[in-house]
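> Fold the following and give me the result.
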Amino acid sequence: MSKYIFTKNGSLERPKNISKEVFNSSSFGTEFTYEPTNNPITFYFFTASSARQTEEFKKFRSLKNTINKKNALDEIFDYNNLTETDFTLISISSLNLGNGIKKGTVALNYYYTGSLLNSATDVQENGILYDSNDTKVGFVLYNEGFICLTGSVALSANSTGFTGYGGTQPKWFLFGALSASNNYFHCDMNYQINNSIPTKTIFISADKNKLNHSNNSTHVTSGSYSLIANTSSSFKENTFVEIKKTNKSPFISGSAEFEKQTFITKIGVYDEEKKLIGIASLANPIRKTENREFLFKLKLDI
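Numbers count the residues shown, from 1 in each chain. As a prediction, the model looks like this:
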C-alpha cells in the first residue's frame, strides 16, 4: 500500500478525509504521512447530539435530495428526521459498487453467541429494510451504494457482553459498531451488485459464391499435388488440382453433379489492422454451398 507525505506549505494537496481544522492543527506538525485504505465498506455512526459539522456528516448531507426524493414512497425517507435521531450510514466504495446494489439482495444479520438474533432484508425490493418482526429499521440507496439504519429498539433484553459505539444493548442503528473486545455479538452483511458487461453486436455475412474454398489438405483429391517436373533447374507442380467431391445425391442410385461445398465451424473476428481479436465457435458445422448465403450475429464482450 502506498504512503504519501503531505506538507502545509501547499506543495501537496490536503487529503479529502482530513478536515482543514485538523490539517492546520499542531498535532500534524509541518509534515505528516498519510496511508490510504482500500476498505470497500465504511461505517459512519451519528447521534442526535453529535456535532453536524464533521467531514463525515458532510458526506451524508450530500444525500439530502436523494433521500427526500423518495419520501413519497415511504416516510422513512426523511432527511430532516434523520438529523434529529441516531442512525448509522454504511458506505460501499464506488470501486466495489459496479452499477449499483442489486435489489432484493441486501441481508443484515445480528448474531448472539453464534445464534441468529435478528435479520433485516429488502424483501420488497423498494429500498426499505424490514427485520424479522416486520419492522422498518432502515433503507437502501441502490444506485448510490448507501445503507442507512435507524432502528433504535433493543433486539434482545440480554445485553451481556455487548460493547458498541456508545451503546449498551444491540440495536440496528449500532450495526457494525461492535468493539474488538466483543465476544458475544457478531454482525454480518450480504449484498450483490449489478455488474453488466458491455457488449458489441457484430453481423458477419457468408454471401453466395463465396467462402467455398478451403486450404485444408482434405479439400482436394488425393494425388492432385503430383509434380510435373522436378529437375536441378526447374520445379513445377500440377496446374490442375482436383477438388474432392463431397456432395451426395438425394437418390439411392445415381450420382449427383459436382458442387463445391465447405463446412463453417469457426468465425474469426479481426480488427482494422487485420489482427485476430476473437474466435466464435459454432455449435454445429454449417454446410456452405455456392448458392447458399448466411448471416451470423455475434456478441463481443468489450
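> Which parts of the stretch 101-250 of the chain are strands?
107-112, 115-121, 128-131, 136-141, 146-149, 185-190, 199-206, 227-230, 235-237 (DSSP state E, counting those that start in this stretch).
> Considering the ones you listed, which stretch scores lowest in mean pLDDT?
In terms of average pLDDT, strand 227-230 trails the rest of those, at a mean of 60.
> Which element, helix or strand, includes the residue nearest to Thr85 when sequence neighbours are not counted?
The shortest distance from Thr85 to any residue other than its chain neighbours is 5.5 Å, reached at Ala48 (CB to CB, 6 or more residues apart in numbering). C-beta coordinates here come from the backbone N, C-alpha and C atoms, glycine included. When elements are defined using DSSP states H and E, Ala48 is found to belong to no helix and no strand.
> before we move on, back to that, now the strands of the stretch 101-250 of the chain as CSV including distance to Arg287?
CSV is the format used below for those (distance: least, CB to CB, whole Å):
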stretch, distance to Arg287
strand 107-112, 52
strand 115-121, 54
strand 128-131, 58
strand 136-141, 54
strand 146-149, 57
strand 185-190, 51
strand 199-206, 11
strand 227-230, 33
strand 235-237, 30
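> where along this protein do the helices fall?
If you assign secondary structure with DSSP state H, the helices in the chain sit at 20-24, 55-61, 64-69, 79-82.
> Next one: the residue nearest to Thr85 from Leu282, what distance?
Going from Ala48 to Leu282 by CB to CB, to the nearest Å gives 65 Å.
> For Leu97, give me its contacts.
Applying CB atoms under 8 Å, 6 or more residues apart in numbering, we find Leu97 in contact with 145, 193.
> Repeat that for Leu73.
Applying CB under 8 Å, 6+ apart as the definition, the contact partners of Leu73 turn out to be 126-128.
> rewinding a little: show me the contacts for the residue nearest to Thr85.
Taking CB under 8 Å, 6+ apart as the contact definition, Ala48 lies against 84-86.
> Ignoring the adjacent residues along the chain, who's closest to Asn291?
Lys208 (6.0 Å).
> Tell me, how many residues neighbour the one you found?
A count of nearby residues for Lys208, using other CB atoms under 10 Å, gives 13.
> Would you mind measuring from it to Val241?
23 Å.
> cool, and Ile197?
Taking CB to CB, one finds Ile197 at 46 Å from Val241.
> Then Ser232?
Where Val241 is concerned, Ser232 sits at a distance of 25 Å (CB to CB).
> who has more neighbours, these two?
Neighbours around Ser232 and Val241, counted as other CB under 10 Å, are more numerous at Val241. The numbers are 12 against 5.
> okay, that one: pLDDT?
Looking at Val241, the pLDDT reads 76.
> shouldn't Cys187 be in contact with Lys171?
No: using CB atoms under 8 Å, Cys187 and Lys171 do not qualify as a contacting pair, with a distance of 11.6 Å.
> before we move on, the earlier item: can you redo the strands of the stretch 101-250 of the chain as JSON lines with mean neighbour count and distance to Ile41?
Output for these, formatted as JSON lines (neighbours: other CB atoms under 10 Å; distance: least, CB to CB, whole Å):
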{"stretch": "strand 107-112", "mean neighbour count": "19", "distance to Ile41": "12"}
{"stretch": "strand 115-121", "mean neighbour count": "16", "distance to Ile41": "16"}
{"stretch": "strand 128-131", "mean neighbour count": "20", "distance to Ile41": "16"}
{"stretch": "strand 136-141", "mean neighbour count": "22", "distance to Ile41": "14"}
{"stretch": "strand 146-149", "mean neighbour count": "24", "distance to Ile41": "9"}
{"stretch": "strand 185-190", "mean neighbour count": "16", "distance to Ile41": "7"}
{"stretch": "strand 199-206", "mean neighbour count": "11", "distance to Ile41": "30"}
{"stretch": "strand 227-230", "mean neighbour count": "10", "distance to Ile41": "74"}
{"stretch": "strand 235-237", "mean neighbour count": "11", "distance to Ile41": "71"}
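> Tell me which of the ones you listed lies nearest to Phe251.
Across the strands of the stretch 101-250 of the chain, the minimum distance to Phe251, taken as CB to CB, is reached by strand 199-206, at 27.9 Å.
> Which other helices and strands does that closest one contact?
The contact analysis (3 or more CB pairs under 8 Å, 6 or more residues apart in numbering; DSSP states H and E) places strand 199-206 against strand 261-270, strand 294-301.
> ranking the ones you listed by burial, who's on top?
strand 261-270 (a mean of 13; mean count of other CB atoms under 10 Å).
> partners of that strand, with directions?
Note on strand 261-270: by DSSP bridges, its sheet partners are strand 276-289 (antiparallel).
> So for the strand it pairs with, what gets flagged as buried?
Judged by neighbour count (16 or more other CB atoms under 10 Å), strand 276-289 contains these buried residues: Lys288.
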